[in-house]
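Q: here is a sequence with its predicted model. Questions after.
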Amino acid sequence: AADDGVRPQTKEVITYLKDKNIPTIVAINKIDKPDANPMRVKQELAEHDIVIEEWGGKVMCNEISAKNNIGITDLLESILLLAEVEDFKANAKRDGLAVVLESHKDEQKGPVATVVVKTGTLKVGQDVNAGKTYGRIRRMENHRGEAIDTAAPSTPVTIFGLSDTAETNDIIQVANAKRSARLKSQEIATRLTGDKKSVKSINDNTDIPKYNVIIKSDVQGSTEAIEQILNAIPQDKVAVDYIDTGVGNITESDVHLAESAGATIYGFNVVVSSVAKRVADDANVTIKTYKVIYELVDDIKNQLLALLPEEIERTDVGELEVLGIFRTEKEKMIVGGRVTKGKVVAKDAKIAVYRGSDEPIGTGDLANLQHNKVDIDEVKKDQECGMTFAGTTKIKVGDTLKIYTEVIKEKEL
């Protein structure tokens, strides 16, 4: 987008395009907006090795506004030109083969898949299998929502009739009969490994904290995008447990599953049924819904960080030899001594008391530091000072006091 620049998801797409060496056309959308800055977008793309033709590169670029129909004709011409240069061809006479772009479950229509035909022709009434699901195409719609009977190569269509939601990038193939489609699909499901719903945890180490989640989204592609981002988070110290992932609104059964597993339910672009809300309140199950994927991911990151134990970093500052005891109270002493190593600081300092061994006999806080009866912040080596020790340990002349500070380290995954 001309007003947004290169976002994290754009970088992921760029990496994929470069890895697969896929011919690319850049379309910079929303150029009609007042804060649009196409030059900034082009610069950011160049920083990621996507150099457009006008800057001496090989990537065609079109500035468009889908809302106001600006530059759309030029974009279509660029697509046709690239197809001609790359000699893209397909055989329309063979059985159709398509790729799933996204899928979701409609309450009235059932599983719905948006696909693009790569080669061959898809027809209404054909039996197909798509990854781990199957079905018979009972209806197809074009990009205008109009019913069509056939879909030729490069045609984006919405198909109805699958038994379950397909996953993004699943291949839809025509089968000879519904039974063979079912058998082939079940065979593929058996062979496949890494099914996201069977993955209990990114890290199988049982000694680290786990955060149990149930993820529901509007379409399968959203679920996969969320899991892909979560899987990229370092999880050596703490990990995400996927109790379940799925497509559709959050229901009562999701809440019951979350209750039994001690999980938090996350929804993306979905709603929570009224029954599910009531059951969740009664069962004390947390449900969180989001409209932006990265806000959902950030929430899970924060929950993972909260599971990490605090790490305290100790820094030794200096040592002092006790030369005199001036006052002793129940939980406080005023002592004097000479700094023998490093320095003594007053701010946030702690004291460890040593008496003839390598292990401290007690610890406390440095409540006040004075030199010549004047409050000061720091005393250097070989100088004498007086200090107030807050603690229950009884200090004696000749003890060594080691001064140190403690800082709670920022948690990192």
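A: The structure has been received and is ready for your questions. Residues are numbered from 1 along each chain as shown.
Q: where does the chain have low pLDDT?
A: Scanning the chain for pLDDT under 70 picks out 176-204.
Q: ok, and what's touching the lengthiest strand in it?
A: Ranked by residue count under DSSP state E, the longest strand found in the chain is strand 312-328. Residues from elsewhere that reach strand 312-328 (CB atoms under 8 Å, 6 or more residues apart in numbering): 333-345, 349, 381, 384-387, 394-409. Quick note: C-beta positions are derived from backbone N, CA and C, even for glycine.
Q: so which of those residues sit within strands?
A: Going by DSSP E, the strands hold 333-345, 349, 384-387, 400-408 from the contacts of strand 312-328.
Q: pull out the buried members of these.
A: Neighbour counting with 16 or more other CB atoms under 10 Å marks 333-337, 339, 341-342, 344-345, 349, 385-387, 400-404 as buried within those.
Q: dump the residue contacts of residue 149.
A: So residue 149 contacts 123-124, 140 (CB under 8 Å, 6+ apart).
Q: which of those residues sits closest to residue 96?
A: Lowest distance from residue 96 to the contacts of residue 149 (CB to CB) belongs to residue 123, with 7.2 Å.
Q: quick one, helices of this structure?
A: 8-20, 38-47, 72-85, 178-191, 220-231, 252-261, 274-283, 293-307 (DSSP state H).
Q: compare those and give me the one nearest residue 130.
A: With CB to CB, the closest approach to residue 130 among the helices of the chain belongs to helix 178-191: 7.7 Å.
Q: thinking again about what came up before, which one of the contacts of residue 149 sits in the busiest neighbourhood?
A: Counting neighbours by other CB atoms under 10 Å, residue 140 comes out on top of those with 22 neighbours.
Q: how near is that one to residue 161?
A: In this view, residue 140 and residue 161 are 9 Å apart by CB to CB, to the nearest Å.
Q: over to residue 150?
A: Residue 150 sits at a distance of 15 Å from residue 161 (criterion: CB to CB).
Q: and for residue 254?
A: 26 Å.
Q: dump the residue contacts of residue 211.
A: 238-241, 264, 300, 303-304, 307.
Q: quick one, domains of this protein?
A: The record's domain parsing of the chain by automatic domain parsing lists 8-85, 97-191, 196-307, 312-408.
Q: could you dump those domains to JSON lines with distance to residue 1?
A: Conversion of those to JSON lines gives the following (distance: least, CB to CB, whole Å):
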{"stretch": "domain 8-85", "distance to residue 1": "5"}
{"stretch": "domain 97-191", "distance to residue 1": "20"}
{"stretch": "domain 196-307", "distance to residue 1": "14"}
{"stretch": "domain 312-408", "distance to residue 1": "40"}
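Q: out of these, which is closest to residue 91?
A: Among those, domain 97-191 comes nearest to residue 91, with 5.7 Å by CB to CB.
Q: and of the domains of the chain, who's closest to residue 2?
A: The minimum distance between residue 2 and those falls on domain 8-85, with 3.7 Å, by CB to CB.
Q: what number of residues are in the vicinity of residue 49?
A: By other CB under 10 Å, 11 other residues sit near residue 49.
Q: and it, how far is that from residue 167?
A: 30 Å.
Q: check residue 337 too.
A: The spacing between residue 337 and residue 167, counted by CB to CB, is 71 Å.
Q: contacting residues around residue 18?
A: residue 49.
Q: sorry, wrong one. I was asking about residue 106.
A: Shown in contact with residue 106 (CB under 8 Å, 6+ apart): residue 112.
Q: ok, now how distant is it from residue 285?
A: As judged by CB to CB, residue 106 and residue 285 stand 26 Å apart.
Q: check residue 114 too.
A: Residue 114 is 32 Å from residue 285, where distance means CB to CB.
Q: also residue 298?
A: Using CB to CB, we find residue 298 at a distance of 21 Å from residue 285.
Q: of those two, who's got more company?
A: residue 285 (22 against 12).
Q: ok, the residue lying closest to that one once chain neighbours are set aside - contacts?
A: Among residues not flanking residue 285 along the chain, residue 258 sits closest, at 4.8 Å (CB to CB, 6 or more residues apart in numbering). Shown in contact with residue 258 (CB under 8 Å, 6+ apart): 212, 214, 243, 264-265, 280, 283, 285.
Q: before we move on, what about residue 300?
A: Contacts of residue 300 by CB under 8 Å, 6+ apart are 211, 213, 230, 240, 266.
Q: closest to residue 86 out of those residues?
A: Of all those, residue 86 sits closest to residue 230, with 35.3 Å by CB to CB.
Q: which residue packs closest to that closest one, ignoring adjacent ones?
A: Of all residues not flanking residue 230 in the chain, residue 240 sits nearest, at 5.6 Å (CB to CB, 6+ apart).
Q: and for the one you found, the neighbour number?
A: The tally of other residues near residue 240 (other CB under 10 Å) stands at 24.
Q: which strand residues bridge it?
A: Beta-bridge pairing for residue 240 (DSSP bridges): residue 211.
Q: shift numbering so it begins at 8
A: Fine by me, first position is 8 from now on; the one you just mentioned is residue 247.
Q: how close does it sit to residue 220?
A: From residue 247 across to residue 220, the span is 6 Å (CB to CB).
Q: residue 171 too?
A: Residue 171 is 22 Å from residue 220, by CB to CB.
Q: give me the more crowded residue out of those two.
A: Higher neighbour count among residue 171 and residue 220: residue 220, with 23 against 18, using other CB under 10 Å.
Q: looking at it, that one is touching residue 246, isn't it?
A: No - with contact defined as CB atoms under 8 Å, residue 220 and residue 246 do not form a contacting pair (10.8 Å).
Q: and residue 16, how far from residue 220?
A: 21 Å.
Q: ugh, wrong one, I meant residue 270
A: Applying CB to CB, the value for residue 270 to residue 220 is 6 Å.
Q: no further queries at this time; thank you.
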